[in-house]
Structure formats: structure tokens, C-alpha cells
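**Student:** The following block contains a protein sequence and its predicted model.
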Number of protein chains: 2
Amino acid sequence: MATVGSATSETPFFSMGEGTFKIPMTLYAENRRRLVENMKKNGHSGVILLKGGEQTTRHDTDHEDIFRQESYFHWAFGTVEADCFAALDVDTGKSTLFIPRLPEAYSIWMGTIHPPARFLKRYAVDACQFVDEIPTVMAADYKGKTIHVLYGRNSDSGNFAEPASFKGIEEFQVDRDSLFPIIANLRVFKTEAELEVMRYVSEVTSAAHVAVMRQVQVGWNEYQMEALFKFHTYNYGGCRHEAYTCICACGPSGATLHYGHAGAPNDRPIKDGQIGLLDMGAEYSCYCSDITCSYPVNGRFTQDQKDIYQGVLDAVIAVETAMKPGVSWHDMHHLALKTVTEALIKTGVLVGDAEEIIKSQLAAKFMPSGLGHLIGLDTHDVGGYLKGFPERSTLDGFKSLRTARDLEENMVLTVEPGIYFIESQVNMLLAGSEFDKYINKERLEQFRYFGGVRIEDVVLVKSDGIENFTQTPRGIDEIESVMSGGQWPPAEDKYPQLKRQFTTWRSAGLSQ
Amino acid sequence: MATVGSATSETPFFSMGEGTFKIPMTLYAENRRRLVENMKKNGHSGVILLKGGEQTTRHDTDHEDIFRQESYFHWAFGTVEADCFAALDVDTGKSTLFIPRLPEAYSIWMGTIHPPARFLKRYAVDACQFVDEIPTVMAADYKGKTIHVLYGRNSDSGNFAEPASFKGIEEFQVDRDSLFPIIANLRVFKTEAELEVMRYVSEVTSAAHVAVMRQVQVGWNEYQMEALFKFHTYNYGGCRHEAYTCICACGPSGATLHYGHAGAPNDRPIKDGQIGLLDMGAEYSCYCSDITCSYPVNGRFTQDQKDIYQGVLDAVIAVETAMKPGVSWHDMHHLALKTVTEALIKTGVLVGDAEEIIKSQLAAKFMPSGLGHLIGLDTHDVGGYLKGFPERSTLDGFKSLRTARDLEENMVLTVEPGIYFIESQVNMLLAGSEFDKYINKERLEQFRYFGGVRIEDVVLVKSDGIENFTQTPRGIDEIESVMSGGQWPPAEDKYPQLKRQFTTWRSAGLSQ
């Protein structure tokens, strides 16, 4: 495998080894520079103190989950090790990484104990000391100054960031309010270095989707698609973590939007005639992809499957054609909803006028999810509902949007419209409801066990439109071709509206 | 794939689908019966209240790790869902599962909301109610009686089990002390139903090891062995979780006993001439395997590799030949240590008398780990140092043993001697130390970058010896044969001392 990535041999970098992407440590230096600039611009001085993620154990046991860095900390320092802290001087920009002081026994069980000098070089920071030295460093350098710590509410989980602390912090001026909105908003806009990593992880994800698409067999259990996807992203892309739990939903399972969790663990058999909804994304050095492919598991669409699928694809194309800076994400959701509603009318499930059906909130029964979300170091990335930006809607479907912001250059979002025949919703509609006049019950009944279709791309907002990081087959013709052994990436792109950028499949072998 | 397992079509069971093991719910009923019996025998009455594991999210985000049940709760109820509680009446044996009351939106995002009646049937319990009904149930049935909750220290982690609680529990008599030692000790002894699951997961693990052994190539990165292992255990065995972080250590990496963690993530290139140490184990429905294979990555042992490997294999054979009820685990550790010390003398690294070298604590520099540990629902299973059993040694190596108990029938343990050339220890010895007279420095220098060899089996203590659940190649001849395409399992077992039970490879295709 060839070496890929933008780091040169002189730059310190992260990679998972030969053939995987090299992330230059300048990526993090740039983020720190942006952070310091923005703090200053908002009139702040003093020092930022961040707390890295901690190594955890499961319940009361010594079982250690594989550590994954806390995302804000990763954004600023790129450190793979657990239990670190870091300081960033707002006035001078000086960065200091604090690493845990390891006991002698570590060298036997966990590996060589490296001195701070090595971390200083590896992470290209200005200083590296031990965590137990934080009180001394703070007392020496920041007495009488302000320590800015991270505290704020994540709008997807409702949970709060855990502010850094140390013995004696109460003797300092601590500001818990200023840092969070500034750093969260910076994370919304990706730098070119970050975009390169995100292109890579979506390329790896796309290629693994294609591999699954080519190999899936009727008679498998759904989780075998998960097993194959994970193998490809890790083996060929060096992605040890997935960005989220794989959703491998075939047939009726596809109507459960977050299928795949422990209570519904992709454990159903794959049956002939089903349409599969595969929502899987890899993660590389904490940067996420999030791609959904829907296709018939036997490789051939039925007419009903074509009708539903094409409606969702039309929504993707409509949205991706319209997306550009200044456009409201709410309006994009409406556009997608209208497109899929028209498809449901065309195929005979719904009756009436699309706008009227949306207004009645019936359309949201078939697409209860938001059109898409910001993505970056978290799959559901931060900054969606910061103060001063549009607030969350109360309308069904719209209220599921993880941001209501207008689009701006260098935002990366998913576009993921869908049509779902959800058991509880279908039962309610078939039983008779306020929506009776819009429903063709006989036709709806035929879709009772259909499941769902979702198509999900990862796209970058550019000055004049978008760039699509997703490189999977999308057209019905493309999917049927690839599933019967056709070439991919294609010799000619028949869907230029999707703005897919076919790369040279740097992770060779991925789609084989 | 054929259906495997001991559940009949009438018994409620857990499985990951066609071709994977069916675990009958009677397994958990039997554990509950044993628990009630033992509580009574110790003079207790009232009710046991257990708390299941909670669904967690990462840091402040909405990222949900795939839920894995808390092990004590799993042992008694086998429930895959998060956020449950359960009660077990000590006097009548009545079992009640408490499930979370799910909001309406769950049916859209997570799947059908099933009524308690379905859980009652699925888990074959006597009653099923909602978690929010616990206070009412407790008040109605157990006023004035004792509620036994789980509280005690895990001797591997030092962490404490989290006792169940509910609003109003302070009005009851709560006993935090009695349950823990009884249930922990019961978990030490596996029932026949549990042993069947453990045989299955070790079979799947063995077959995946063989697949990796056959496919590994010089030039891979170490983590590609992890990717392949995980693929095989999941795709063919339905094992979604690994029992612990995969250790894929080639060459010098092998000297780090717990290599593979986030700070040393199996990311080195595999080089010609290295010996690999692959410590990987799958988990099926929370039951663990833990198997280590060591072999030259190019498929051919050098003389030095043969000397070290054979010493470790001789230790495995010596221990597994001697193991039977009544034997002290301490003595087994000593036996293994003596065998590997003799190998180090024979190959010229050490000079002198083995017993004297052990006594000086020098031998433990090359084998600092304990010989093995109890295994079951946790890789490092509970019950190792309960009150009334032998206490932890203070001697190097011996103090790493996770139990010092005498062997008893139906214990399952790992046997995992090793020889490690650990950088910090080798440096210390080469620099000159109190051990000078036992060291041939010139010879030791030749092993500086060797890494390590570990061989790890999962074995059951039976009335007259052991049964080995491990089915991997162990002899040098076996390994070289399999790595050059030879048949496995073998036509004839040349190592009957290892007591391997070759099965019909129920998960077909695993070693292909």
C-alpha cells in the first residue's frame, strides 16, 4: 500500500502505519491558533485548561474499553493517550501538554515509559509536563489571571462537558462560560487539513460499503454485513473504531431508524426480496464518516423498491443541488420532505397535495428524522444550536434536525432523507386517524413489511455549492451494475448532480 | 450453517441467529436456583435485588457505546437490554425482571415497544414489571424483610459493585454484605450449561486464530491481524464483542504484556524473522475466551525461537498434566516458572540452578505475569481472593496471580506461561545488577529485540484432570504445518497431554 496523507517526513504526524493516512500535527496547531485568536477577539486573556478523556473500566471489573479521546481535546491536541490535560495561553499561544506520570510497573505491562520530551516532539507542543505539575505551573504562570475551562450543554445528548480541575483551582479566577461557545463554533468550520482527513475516512467508508454490497448474500444474518464492513475499514483503512453503531437493517428492520443497538443487534436473517438499509461509518483518528446505502439484498430492485428508492434519491439530488452558503437548513429539510412526499403520492400510498400533507404533519410519519447533521469529530457534531443561532423547531421531523443554522462555507453535513414504514405509525394510520383522507390504506398495507430506505451522503459546503465526500453507487443502474460485478468507481459519472469526487481509491483493495 | 447449541425449539433461548449457539434460558434459571439455595444455606431470607448495566454515552456526546450487560446481572438473568433491575425471592425462588418503561418515540427510533409479557416469556422469569414499579412491588411484598444488594470489591480492579437502589429503599432493611461473597463464589464454578457456551466461544476463538495464522503476511501492520480475527469471530461465530482488547504483538511488541491499548495500538509493521504473540479472545453472550498463540510470522521457527517457544510449551504441558482438584495454583505457577527458567538456562541466557534463580526473584523478570486466571463472564473472572481463601503473595510473579486458590472441579482457568524480554528489565540486567552471576550478558543481548512468547489455553478442571477448550496448533511441527497450508484440526493428535477436544468445527468455514 502506498503512503497517503499530507504530512511530510519531517512533520510529526499520526498514522496507523504504512498505507494509512498521515495526519500532520500542524492540524492541531492550526486549531489552537484559531482558538487563541477567537478568544482574544472576544476580549479574553489568561489560559485555557482542557481535560482529556479518562481511561474507564466496565462496571466493577478491570475490563478496559479501548480508549477514544474526548473530541474537544482531540481537536486542539490530537493526543491518543488517556488521562492528559492541556493548557493554552491565550496571550502568547503557548501550548503545554500534561501527561500522566506512569508507575514503574507500566513498563512491564503497557510498554516503554517515554519522557515528556518525546510527547513534546510527537505532538509538536511548546511544553510537556506531568499532570501532577499542573498546580505548580498554574501558580507560577497564572496567579491573578483567568483560567478558562470547558463547560456547556451538548444539544444532542443534553449532557454537559466536564470542566478541567486541579487541586487548588479555587484560588484562581475560573471562567466556565466563555470557552464553550467559541470552541464549539470553531469546530463547526473545518480547516483544509481536517477536510483531508474527512475525505479519507469517507473514502474508506465508501469502499467498504461497496465491498459489502458486492458480497452480501440472501441467507446471511444481518450482522455479517457489519462484520465485513468493520473488517474492510480496519484492515484497509486503519480505522479501529466505527463512528457509531453499525445499522444493518434488512426488510422490516429498516423501519427502525437506530436499529443495531444491543436490544436489536442486527441479528435477523437476510431474506430474498428485501431491501437493505446499511448505515455505517468509520472513524479515523476521531474524524467520522456517516454513510447510508440502501439496496435490494438480491441485487435487483422490484418496482415498489424502485419507486421508494428513487423518491429518496431525488430528495438527495434536490438538496445537494440547492445547498450553498446562505441557504437555510430548515428549507432544505422542507425540500427533502416535499420530494419524498411526492414520491409517496406517485406510488399511491398518499393522496392529495404534498404541501398540504407536510403541513398536516403526516409527511413526518414517513420521515421523522432530520435531513442531516453537522459531522466532524463527533458523528453528531457540535455547534448545532449555539446561542444566537436559530432555535429548534417544534414541528415533527423539523424538530429532529440537529441544527437549524444557515449553511456556511466549510461546514460538513450529512444529507440523509428517507422513507420509512414504521410499524407503530403504519398501524396507527391503518387503524384510522385524522389523516384518513390522505391515505390509500390498501396501498399502504402493501408496504407494511417493506422497512425503509435512507440515502446518506457526507458533504462539504463550498463557496458555490457542495463537494460530496461519498463515493458509493447511488443510481439504481449503478447499484444493480455493482452488485452484478460491474466496475466501481465508474468509468463515467452519470450523476454529476451528486458532486461525487472519485479518488484513486488510495486504500487499494478495498472494493475487491 | 447448522444450528448449534443445546436449546430445543420449545425452550426460550438466546442466539445471534442461524448457525450461532443457542443458549437456553434454563442456564440462568439454574444459576438463580443455585443462588437461592446458597443464600438459604447461609441462613438468609428476604429478597435479592440486582441492578443491570446502564446504557452510557461517551463524554458529553450522544455517542452510545454498544451496550454489554453487567456480568452478575447476566449470570442470573441473561438479559441483553440495558437499564433493567431484577428481584429474586430467597424464600420462594420467584424471579421478577424489571424493564424500563419506554417513551412512545422509542418505537420510531429504536424499535417495537414490547410489553412485559414478551420479556417474561423471552427470559423465562416468573414475573416482569416496569422499573418504576419497584417501590410498589417492594412495599407490597418485602416490608419488614431484608433486601440483599450487591456490594463488594473486585480483586482485579479494586472497584466496587454498584448496589441496586430505588426511591424509598431507606425504609427497608438493606443487607449489603451477604450477597457478594456468595454470588462471586458461585460464579467460580461453572454449570454444564455454562461450560457448553464456553466451549463454543473457545472453539470460535481457536478457529479465528487458525485463520489469522494461515493468512498473516510479512509487511502487514499488526492491527490487520486484529481486523481479521474480529471478522472471523463475528462473521462465523456471531461474537459481536471481544472479551478484551486484542494483543497483536510482533517482534519487540511482544515484550509488552498488555500491548494493543490506545497508546500502543497494534500499529507496527510486521517484519520478517519476528515471532508474533497473538492474545485474542471472543465473547459470546458475555461468556469469554482468552487464547494466546505465538508463532513466527513467516511460518518457520529459528533455533532461538524454537528454544524459547518449546520452553513455554513445556511449561503448559507440565501444568496441564499436573492440574486436578486439590492442587494449589501457587504450586502450578512455581512449576511453570521452573520450566521456563530451565529453558532459559538451556538456551544460555541464564546460568545456574533454576530453583535458586526463582528464589532470587530473577526468574520473574522474564515471566512477571501470573500463570493464569479464572475465566467466565469476565475475562478476569471473579472469586479469586474471597475471604477465607489463600491471600495474594508478595513475591514477584506470584503476586500477579489473580487467585491463589486450590483447584476444584468445574473451575475454568487460563494457563498462560510466557517468556518475555522486557526492555526495562533487560536494560537493568545488562547494566549490571545483583543478578550478575546468573546472567550470560552476551547471550541475553541477542534476545534484546526478541519480544516474547506466551501460550495461553482455556481449561476446565475435571474430577481427574482437565479438559482443554483450546483447539489451536501448539507443537512447533503443528504450527509450521498449518502455516504452510496443512490440515487443521489434525487427522491425529500428536499432543494428547494437552487434552484438546477437537470438535467438528461447528462454525463451518472458520479456519478456511
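**Tutor:** Now that the structure is in, tell me what you want to look at.
**Student:** can you list the weak-confidence ranges in chain A?
**Tutor:** Across chain A, the ranges flagged by pLDDT under 70 are A:1-10, A:505-512.
**Student:** Is it correct that residue A:71 is in contact with residue A:380?
**Tutor:** No - in terms of CB atoms under 8 Å, residue A:71 does not count as a neighbour of residue A:380; the distance is 10.8 Å. All C-beta spots, glycine's among them, are computed from the backbone N, C-alpha and C.
**Student:** list the residues that contact both of those two?
**Tutor:** residue B:61 (CB atoms under 8 Å, 6 or more residues apart in numbering or on different chains).
**Student:** so who does the spatially closest residue to residue A:166 that is not a sequence neighbour touch?
**Tutor:** Using CB to CB, 6 or more residues apart in numbering or on different chains and skipping residues adjacent in sequence, the residue nearest residue A:166 is residue A:134, 4.5 Å away. By CB under 8 Å, 6+ apart, residue A:134 lies in contact with A:49, A:85, A:87, A:98, A:166.
**Student:** in the stretch 51-200 of chain A, which spans are strands?
**Tutor:** A:85-89, A:95-99, A:127-130, A:146-148, A:173-175 (DSSP state E, counting those that start in this stretch).
**Student:** do the same with the stretch 351-500 of chain A
**Tutor:** Under DSSP E, counting those that start in this stretch, the stretch 351-500 of chain A gives strands at A:412-415, A:418-420, A:452-454, A:457-462, A:465-468.
**Student:** Give me the most central residue, chain A.
**Tutor:** The centroid of chain A falls nearest to residue A:379 when counting by CA atoms, centre = their mean (2.4 Å).
**Student:** Could you double-check that that one lies in contact with residue A:288?
**Tutor:** Yes - Residue A:379 lies in contact with residue A:288 (CB under 8 Å); the separation is 4.7 Å.
**Student:** do you know how far the residue nearest to residue A:166 is from residue A:498?
**Tutor:** 49 Å (CB to CB, to the nearest Å).
**Student:** ditto for residue A:186
**Tutor:** On the measure of CB to CB, residue A:186 and residue A:498 end up 29 Å apart.
**Student:** Looking at those two, which is more packed in?
**Tutor:** residue A:498 (24 against 19; other CB atoms under 10 Å in any protein chain shown).
**Student:** check contacts around the more buried one.
**Tutor:** With CB under 8 Å, 6+ apart, residue A:498 has these contacts: A:316, A:317, A:320, A:457, A:468, A:470, A:474.
**Student:** same deal with residue A:270?
**Tutor:** Residue A:270 neighbours (CB under 8 Å, 6+ apart): A:216, A:217, A:218, A:219, A:220, A:221, A:222, A:225, A:250, A:251, A:276, A:297.
**Student:** Which of those residues fall in strands?
**Tutor:** A:250, A:276 (DSSP state E).
**Student:** can you tell me which two in the contacts of residue A:270 are farthest apart?
**Tutor:** The most widely separated members of those are A:217 and A:251, with 14.7 Å between them, by CB to CB.
**Student:** Looking at the two, which one has more neighbours?
**Tutor:** More neighbours surround residue A:251 than the other of residue A:217 and residue A:251, with 22 against 10 (other CB under 10 Å).
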